[in-house]
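Chemist: coords please:
(2 chains)
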Amino acid sequence: GAVVSQHPSWVICKSGTSVKIECRSLDFQATTMFWYRQFPKQSLMLMATSNEGSKATYEQGVEKDKFLINHASLTLSTLTVTSAHPEDSSFYICSARGGIGSRNSGEQYFGPGTRLTVT
Amino acid sequence: DAKTTQPTSMDCAEGRAANLPCNHSTISGNEYVYWYRQIHSQGPQYIIHGLKNNETNEMASLIITEDRKSSTLILPHATLRDTAVYYCIVRVYGTGNQFYFGTGTSLTVIP
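Modeler: This is a model prediction of the structure:
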């Protein structure tokens, strides 16, 4: 199957700083990428949908000014957690969907996740 | 919003078949049933998906009832490495529709 990578795999930052997480589709072009957040012992919660070249669509209750999403190319989306606080500590997971007409059309592939700890 | 319900947890003896049920009574005609699993601190891993016919691949079998209101994921010979949380999801295939995860079933394979 297609491969999606995330970088970094884990990060520790101080309260008030910003941290950027990258999501890359390694062997296919992803017209759409999704960002999820998962707290301990809970399920994945969809945060936002990111389409290449356009603004992200955020789920209800997710602050778009705090979680900045950029999808500047067909293989890269970034999530920036601005002014991070301890309650933002979580496991952040991205997924990527292949474009219509591509070998990976329509299917979603998940990244390995990024563990964020805010101290 | 997740449209599926699953038992919270299940145990299975190593080497035996693990049968994981899922209810999706409000599934629409064009929605597929997907199964993913998540091993601790990793991203979800695709297992299998189907519309109405039973499906089998190298990982598992998917049995969908005739009315499509429920399904069962079968791991034919469970191993310790199959211990994970298993998610059943319904969505329209091949679109930009998001995956909405329910609570999943935590499967523990016992030696």
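Chemist: Contact distance from chain B - what residues of chain A qualify?
Modeler: Taking CB under 8 Å from any CB of the partner chain as the test, the list of chain A residues beside chain B reads A:1, A:4, A:6, A:31-32, A:34, A:36, A:43-46, A:49, A:51, A:91, A:93, A:95, A:97, A:100, A:105-113, A:115. Quick note: C-beta positions are derived from backbone N, CA and C, even for glycine.
Chemist: which ones among the residues you listed are found in helices?
Modeler: Using DSSP state H, no member of the residues of chain A next to chain B falls in helices.
Chemist: What subset of these is buried?
Modeler: Neighbour counting with 16 or more other CB atoms under 10 Å in any protein chain shown marks A:4, A:6, A:31-32, A:34, A:36, A:43-46, A:49, A:51, A:91, A:93, A:95, A:97, A:106-113 as buried within the residues of chain A next to chain B.
Chemist: Residues in contact with the helix or strand of chain A with the lowest mean pLDDT: which ones?
Modeler: Lowest on mean pLDDT, DSSP states H and E among the helices and strands of chain A sits strand A:108-110, with a mean of 87. With CB atoms under 8 Å, 6 or more residues apart in numbering or on different chains as the contact definition, strand A:108-110 has outside contacts at A:1-4, A:25, A:34, A:93-97, B:36, B:43-46, B:99.
Chemist: how does it look with 6 Å?
Modeler: A:2, A:4, A:95, A:96, A:97, B:43, B:44 (CB atoms under 6 Å, 6 or more residues apart in numbering or on different chains).
Chemist: can you count the residues close to the first one?
Modeler: Using other CB atoms under 10 Å in any protein chain shown, residue A:2 has 18 neighbouring residues.
Chemist: Same check on the fourth one?
Modeler: Counted with other CB under 10 Å, the neighbours of residue A:96 add up to 31.
Chemist: so where's chain A uncertain?
Modeler: A:1, A:99-106 (pLDDT under 70).
Chemist: Which parts of chain B are strands?
Modeler: Using DSSP state E, the strands of chain B run over B:9-13, B:18-23, B:31-38, B:45-50, B:55-56, B:61-64, B:70-75, B:84-92, B:105-110.
Chemist: Alright, that wraps it up for me.
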